[in-house]
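# Provide a 3D model corresponding to the input given below.
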Amino acid sequence: MAEPDATDPFNALANTDRPMEPRARFAAQLKQRLIDQAQANTTQATREETRLMATTKSDTKSDTESTTESTTETASRPTPGWITDATGGVSNLFYFTVPAPDLERSKAFYGAVFGWEVEGGSLGGHIPAVTPAGGLNPSATSPDERTVYIAVDDIEAATARVVELGGTVEGDIEYFDPGAMARCRDDQGTSFSLQQPGEGDYAEYARNPQKGSSHGDLFYWSLPVQDGAAGRAFYSALFGWDFGSEGSEGGMHAENMVTDGGIGAGRHGDRVDFYFRVDDAASTAEAIRTAGGDASDPMDTPQGIVVDCTDDQGVKFGLVQPADGF
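Sure thing, here's the model as predicted:
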């Protein structure tokens, strides 16, 4: 396999994907059984530590309700078998893609709106300057096919866990230069992908997640789920996400994730929603209209000024001009 360019770990995405035959699923299932058995043999000291953690998390709720919920969340945390200790046992966003049915039109549109400069890539057009890392995807079959790739250390164990939690894995694990990828759905049908980073710069990037802070960066991403409680249970157990209280319109923020995101309860659709950071929401909304897209009137929220948008090919996204502190 080609070595990734040290100057940008995602330049290898410009190469043609060369999927390899995946290893037998049996290995992942066996490994998960061994992990479960090891957890069952946890010492009394470790159990006491878990109890104390749960009690601490219950301070803001009633003793009985909060202690029960926190103990359940702590017990369902993923083991370091598929999420790295380097990020505290929490999965972060590795990569995102925006549908680009006509790649050249998308390059022109997002270049005018966000200043994105797009390079080639096997997932579409890689955007070197955006944080977290992302790109445009001309292979998307519909304008709704927005995708997130969430980092895990062991993709075979992680896919086995998806199935164990009631989700599905679509097709085989794919192996290529940036690592290994698997397309999945949660137990409510919401789509996401797992990404096991390759060696070198890819692994380093995954272990040092960053949140965007500039115009055109990804401000927030949200996975829609109909049942909020079920969504919290699934993603907490799979990715180690700690959810705070339910926010506006059913939003539930993963408080311990660096690459800001979460789930949105009661929302329609099965694909992720993207919100991009902008310096001035009103002027950016006007730039979207000028470029052939559509933008709502700006709305004031506790997080800042929000605008709902559609690009010139029907792809939906949002803008956020963050309030102070965000």
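
# Quick check: the gap between the residue nearest to Gly198 when sequence neighbours are not counted and Gln196.
Of all residues not flanking Gly198 in the chain, Gly179 sits nearest, at 3.9 Å (C-beta to C-beta, 6 or more residues apart in numbering). Bear in mind the C-beta positions are built from the backbone N, C-alpha and C, glycine included. Distance, Gly179 to Gln196, using C-beta to C-beta, to the nearest Å: 5 Å.

# Who has more neighbours out of these two?
Between Gly179 and Gln196, counting by other C-beta atoms under 10 Å, Gln196 is the more crowded of the two (26 against 21).

# Who is the more buried one paired with across the strands?
On the basis of DSSP bridges, Gln196 is bridged to Ala180.

# Surely the residue nearest to Gly198 is in contact with Gln195?
Yes - using C-beta atoms under 8 Å, Gly179 makes contact with Gln195 at a distance of 6.1 Å.

# shared neighbours, the two?
Ile155 (C-beta atoms under 8 Å, 6 or more residues apart in numbering).

# what's the burial count for Asn208?
Residues near Asn208, counting by other C-beta under 10 Å: 11.

# Just the pLDDT for it.
Listed pLDDT for Asn208 reads 91.

# list the buried ones in stretch 289-302?
Going by neighbour count (16 or more other C-beta atoms under 10 Å), the buried part of stretch 289-302 is 291, 293, 295, 298.

# Find the residues that touch each one of Gly179 and Gln196.
Here Gly179 and Gln196 have Ile155 as joint contacts, going by C-beta under 8 Å, 6+ apart.

# Find the least confident helix or strand in the protein, judged by mean pLDDT.
Sorting the helices and strands of the chain by mean pLDDT, DSSP states H and E puts helix 44-57 at the bottom, at a mean of 31.

# Show me where the stretch 101-250 of the chain has its helices.
Taking DSSP state H, counting those that start in this stretch, the helices of the stretch 101-250 of the chain run over residues 103-114, 155-164, 201-207, 228-239.

# could those helices go into TSV alongside mean neighbour count and distance to Ile127?
TSV is the format used below for the helices of the stretch 101-250 of the chain (neighbours: other C-beta atoms under 10 Å; distance: least, C-beta to C-beta, whole Å):
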stretch	mean neighbour count	distance to Ile127
helix 103-114	19	8
helix 155-164	23	24
helix 201-207	19	14
helix 228-239	21	24
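
# Which among the ones you listed is found nearest to His215?
Closest to His215 of the helices of the stretch 101-250 of the chain, according to C-beta to C-beta: helix 103-114, at 6.7 Å.

# where does this structure dip in pLDDT?
The chain contains residues with pLDDT under 70 at 1-86, 121-124, 246-251.

# how's it carved up into domains?
The chain resolves into domains spanning 25-75, 86-322 when parsed by automatic domain parsing.

# from these, which stretch is densest packed?
Comparing the domains of the chain by mean neighbour count (mean count of other C-beta atoms under 10 Å), domain 86-322 ranks first with a mean of 19.

# give the contact list for the most centrally placed residue in the chain.
With distances taken as C-alpha atoms, centre = their mean, the residue of the chain nearest its centroid is Leu93 (4.1 Å). Taking C-beta under 8 Å, 6+ apart as the criterion, Leu93 is in contact with 132, 148-151, 209, 218, 221, 257, 259, 261.

# Now intersect these with the strands, please.
148-151, 218, 221, 261 (DSSP state E).

# Any chance of CSV for these, columns distance to Ile127?
Below are the ones in strands among the contacts of Leu93 laid out as CSV (distance: C-beta to C-beta, whole Å):
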residue, distance to Ile127
Val148, 15
Tyr149, 14
Ile150, 18
Ala151, 18
Leu218, 10
Trp221, 15
Gly261, 18
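
# Just flag the most distant two among the residues you listed.
Using C-beta to C-beta, those span at most 14.9 Å, a distance reached by Ala151 and Leu218.

# Show me the strands in the stretch 51-200 of the chain, by range?
Per DSSP state E, counting those that start in this stretch, the stretch 51-200 of the chain carries strands over the ranges 93-99, 125-127, 134-137, 147-151, 168-176, 179-185, 191-197.

# who touches the closest residue in space to Ala203 that isn't next to it in sequence in this structure?
In space, and not counting its chain neighbours, Ala203 is closest to Pro197: 4.8 Å by C-beta to C-beta, 6+ apart. Residues near Pro197 by C-beta under 8 Å, 6+ apart: 94, 151, 178-179, 203, 205-206.

# try Val169
By C-beta under 8 Å, 6+ apart, the neighbours of Val169 are 159, 162-163, 182-184.

# One more: Gly115?
The contact partners of Gly115, by C-beta under 8 Å, 6+ apart, come to 215-216.

# so how far is the first residue of stretch 95-107 from its last?
18 Å (C-alpha to C-alpha, to the nearest Å).

# same deal with stretch 92-110?
Termini of stretch 92-110 sit 25 Å apart (C-alpha to C-alpha).

# before we move on, what about stretch 126-145?
16 Å.

# how distant is it from the center of its chain?
The chain centroid and the centroid of stretch 126-145 are separated by 13 Å under C-alpha atoms, centre = their mean, to the nearest Å.

# which residue packs closest to Lys267, ignoring adjacent ones?
One thing to correct before we go on: residue 267 is Arg, not Lys. Pro224 is the one closest to Arg267 (C-beta to C-beta, 6+ apart), at 3.7 Å.

# Great, nothing more from me.
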